[in-house]
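Trainee: Task: produce atomic coordinates for the following.
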Amino acid sequence: MSVHGTAAEPAGRGAVVASGATAARRRPHLGLETLGVLAVCLGQSAVYSVLSILNKLTLGPALNEQTTTINNSATPDRPWLDLAYKLADYLFLAAPVVIVLYLLATVWRPGRDPWRAIGLDAGRLGRDATIGAGLAAAIGVPGLGFYVLARWIGINTTVAAGNLSEHAWTVPLYVLAAFANGLLEETVMVAYLLTRWRQCGWHPGAAIAVSALIRGAYHLYQGFGGFIGNAVMGVACCLYWRRTGRLWPLVIAHTLLDVVSFVGYALLHDAVSWL
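Mentor: Numbering: from 1, shown residues only. The predicted model follows:
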C-alpha cells in the first residue's frame, strides 16, 4: 500500500500543476470572451447610455426637466405591426442568454448542466419565486424613494417607463419585456461574468465592483440616479448569487420590479404627478 501511495503522490501533484497551467493559458481567452459577450449586449448598451447622458447634459435643460421614454410604440397607427416589432425586440433582447449558456456548458465545465450550475434549474422554483418576491419588495420600495429623491435634487430625468399603445396585448407585452430584461441582466451580469472573471483569477470584490459599475453605466441614460441605484442593486445581486448559487430569485425579482415600473407607469402616470 505504501508503494502505491508513494507513486500516486507525484502523479497527483503533476495533474494539479497541469490543470493549473491549462487554466492559466485559458485566462486571456476567457477575458476576451467576456469582452465579446458584453460588446453584443449590455456592454454595448453601457456605451450608448454614456453617450445618451452626455447628450442630455449638453442639451440645455436640467436633467430633472427632461423625460426619458422607454417601451415606445414603433407603429402606433398599425397595432399588428407594432406588436410584431415589440415581440422581435424583446425576444432578441434575451438571445445572448443562449450564447452565454452555451459558453458556460462548453468552456466552463463540459458535460455539466449550465442551468443547474448557475441556479436556473427548475428544482426549487416555488421557493425561488417566494424569495424573488421578497427581494423585489426589499429593492423596489427604497428604489422608488431614491428615484423621487434623485429627481428632486436634479440628478435624474423623469423616466416614462410604459408608452405602448393600449391594446389587449399591452400588459402581457410589458411582462415579456420585464422577463427578457431580468433574464438577460442577471444571467450575464451576475452568473456569467462572476464565473468567468473568477476563472480569470479576479478577486471576487473586483468582479462584483466591475459588474455593478457596468450595470449602473447602462442605466445612465436615465440620469445619475439610475446609475447609482442600479449599481447598488448590482452589488446586492452579485452578493446574493455568490452566497446561494441561485439565479432564479434574482430573475424573478428583476422581472417583478420592471413589471411594476412598466405597468404602474402606464396606469398611473396621468393620476400621480411625481411619476
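Trainee: Check whether residue 184 really touches residue 96, as I assumed.
Mentor: Yes - between residue 184 and residue 96 there is a contact under C-beta atoms under 8 Å: 6.3 Å. In short, each C-beta sits where N, CA and C put it, glycine included.
Trainee: Give me the more crowded residue out of those two.
Mentor: Taking neighbours as other C-beta atoms under 10 Å, residue 184 and residue 96 compare with residue 184 leading, 22 against 19.
Trainee: Am I right that residue 249 is in contact with residue 136?
Mentor: No - here residue 249 lies out of contact with residue 136, judged by C-beta under 8 Å, at a distance of 9.3 Å.
Trainee: just the helices in this structure please.
Mentor: Applying DSSP state H to the chain gives helices spanning 2-39, 42-57, 79-93, 95-103, 114-118, 125-152, 170-186, 193-199, 204-217, 224-244, 248-268.
Trainee: follow-up on the earlier one: if you count what's nearby, which of residue 249 and residue 136 comes out ahead?
Mentor: residue 249 (25 against 22).
Trainee: list the contacts for that one?
Mentor: The contact partners of residue 249, by C-beta atoms under 8 Å, 6 or more residues apart in numbering, come to 128-129, 131-132, 135, 240.
Trainee: Using TSV, lay out those together with pLDDT and neighbour count.
Mentor: Below are these laid out as TSV (pLDDT from 0 to 100; neighbours: other C-beta atoms under 10 Å):
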residue	pLDDT	neighbour count
128	97	23
129	97	15
131	98	19
132	98	23
135	97	21
240	98	19
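Trainee: of all these, which two lie farthest apart?
Mentor: For those, the maximum inter-member distance is 15.0 Å, found between 129 and 240 (C-beta to C-beta).
Trainee: any low-confidence regions in the stretch 51-200 of the chain?
Mentor: Residues of the stretch 51-200 of the chain meeting the criterion pLDDT under 70: 107-111.
Trainee: again, only using 90
Mentor: 60, 104-117, 123, 162-167 (pLDDT under 90).
Trainee: where's residue 128 relative to residue 156, distance?
Mentor: Distance of residue 128 to residue 156, given as C-beta to C-beta, to the nearest Å: 31 Å.
Trainee: coming back round to it: out of the helices of the chain, which is closest to residue 160?
Mentor: So among these, helix 248-268 is nearest, using C-beta to C-beta, at 6.5 Å.
Trainee: Which residues belonging to that closest one are considered buried?
Mentor: 248-266 (16 or more other C-beta atoms under 10 Å).
Trainee: can you check stretch 99-116 too?
Mentor: Across stretch 99-116, burial judged by 16+ other C-beta under 10 Å covers 100-101, 103-105, 108, 114-115.
Trainee: same thing with stretch 30-39?
Mentor: In stretch 30-39, counting by 16+ other C-beta under 10 Å, buried: 30-31, 33-34, 37-38.
Trainee: Distance to residue 173 added to those residues, as JSON lines?
Mentor: Below are the buried residues of stretch 30-39 laid out as JSON lines (distance: C-beta to C-beta, whole Å):
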{"residue": "30", "distance to residue 173": "36"}
{"residue": "31", "distance to residue 173": "37"}
{"residue": "33", "distance to residue 173": "33"}
{"residue": "34", "distance to residue 173": "31"}
{"residue": "37", "distance to residue 173": "27"}
{"residue": "38", "distance to residue 173": "27"}
